[in-house]
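# here are the coordinates; sequence isn't available:
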């Protein structure tokens, strides 16, 4: 492991003692963006820090507009489209699930290096010298007063994919319109819940040996299937997911695969893949991702050479998944 970076401008930018919740590389600006609660920072190739938006001195506020006036309550997740938009998961007490979606927008460079004005605010509100493009923050309404609790930008679909209630993956379209790609957020009736539990119990009994069940009893607390029952009592699969914890799109191979962690704790979870044709495949029913009893939700990242990294369940644990070597070793 390389030594820590020698950061420049950390005191002047007010980065000192900030907790970094997430970071993402933005190919449009060439900067690494860091989500630090009420503030978003940038880190350039010279390890120089700049405060892009928000201000911890003002406390937790929710305000849109040019970045000098924009404020965050708790910016904790980032995803960049590489074309000037960085999506931010923020907190919002007015939302049904406590989250909202914000967008950090960056103006494209004009000929000669001077930055064009961003529609909606004055050029004079921002620094406009080369290398410091005008930026603004706006809140994106995703419908039904629900914000994403996890998301990922998919370069193959050219869209942000996200989950709100945990049992469906949605796609963000222009003008805040959303479309469900897989699963369903519709609440299950009592009959449907009973059928889901019965199906999961049956699947577990047929797929696992007695020894495996004995060793994993303490982690067997989420269903592996979700089913619906129609008016005639027929049971059929519908909502593929139980509780989506993390999403990661294949930004390396750009295959259109989106990997999903689906579980209710940070010890054991299931790994699924949403394929470009819309089908969902179960890759691992019980993937050990953290210490027993962990309540931290795992994070997920796609690595080169068909590998995934699962992290965040503790300060010391990381699981590397080799997609070419699927089997009991997972």
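Alright, I've got the coordinates. Computed from a predicted model, the values in this text were never measured in an experiment. Numbering: from 1, shown residues only.

# Residue 324 and residue 82: what is the separation?
With the distance defined as Cβ to Cβ, to the nearest Å, residue 324 ends up 27 Å from residue 82. (Each C-beta comes from the backbone N, C-alpha and C, glycine too.)

# scratch that, residue 253
16 Å.

# Residue 274 too?
Summarising the geometry, the distance separating residue 274 from residue 82, computed by Cβ to Cβ, is 21 Å.

# The two - which one has more neighbours?
When residue 274 and residue 82 are compared on other Cβ atoms under 10 Å, the one with more neighbours turns out to be residue 274, at 24 against 16.

# For the residue nearest to the more buried one when sequence neighbours are not counted, list the residues it contacts.
Nearest residue to residue 274, sequence neighbours excluded (Cβ to Cβ, 6 or more residues apart in numbering): residue 258, at 4.3 Å. If you count contacts by Cβ atoms under 8 Å, 6 or more residues apart in numbering, residue 258 has them with 152, 154, 161, 169, 247, 248, 249, 250, 273, 274.

# Count the residues that sit near the second one.
Summarising burial for residue 154: neighbours were counted as other Cβ under 10 Å, giving 25.

# and it, how far is that from residue 84?
For residue 154, the distance to residue 84 (Cβ to Cβ) stands at 17 Å.

# now the first one
Note on residue 152: its distance to residue 84, by Cβ to Cβ, is 18 Å.

# For the closest residue to residue 69 other than its chain neighbours, the count of nearby residues, please.
In space, and not counting its chain neighbours, residue 69 is closest to residue 63: 6.2 Å by Cβ to Cβ, 6+ apart. Applying other Cβ under 10 Å, we find 13 residues neighbouring residue 63.

# Where does the prediction get shaky in this structure?
Along the chain, segments meeting pLDDT under 70 span 1, 17, 58-59, 108-132, 187-239, 326-330.

# repeat that with 50
Residues of the chain that meet the criterion pLDDT under 50 lie in 112-130, 203-232, 234-238, 328-329.

# per-domain residue ranges of it.
For the chain, the structural domains run 22-147, 190-325, going by automatic domain parsing.

# gap between the helix or strand where residue 320 lies and the chain center?
In this assignment (DSSP states H and E), residue 320 forms part of strand 318-322. Taking the mean C-alpha point of strand 318-322 and that of its whole chain, the gap between them comes to 18 Å (Cα atoms, centre = their mean, to the nearest Å).

# go on, stretch 291-309?
The offset between the C-alpha centroid of stretch 291-309 and the centroid of the whole chain comes to 12 Å, using Cα atoms, centre = their mean.

# Provide the contact partners of that stretch at residue level.
The set of residues external to stretch 291-309 that reach it, using Cβ under 8 Å, 6+ apart, is 218-219, 245-252, 259-261, 265-267, 269, 271, 289-290, 310-314, 317-324.

# mind redoing it with 7 Å?
The set of residues that contact stretch 291-309 without belonging to it, under Cβ atoms under 7 Å, 6 or more residues apart in numbering, is 218, 245-252, 259, 261, 265-267, 269, 289-290, 310-314, 317-318, 320-324.

# Secondary structure element holding the nearest residue to residue 77 once chain neighbours are set aside?
The shortest distance from residue 77 to any non-neighbouring residue, by Cβ to Cβ, 6+ apart, is to residue 89 (3.7 Å). Assigned by DSSP H and E, residue 89 falls within strand 85-91.
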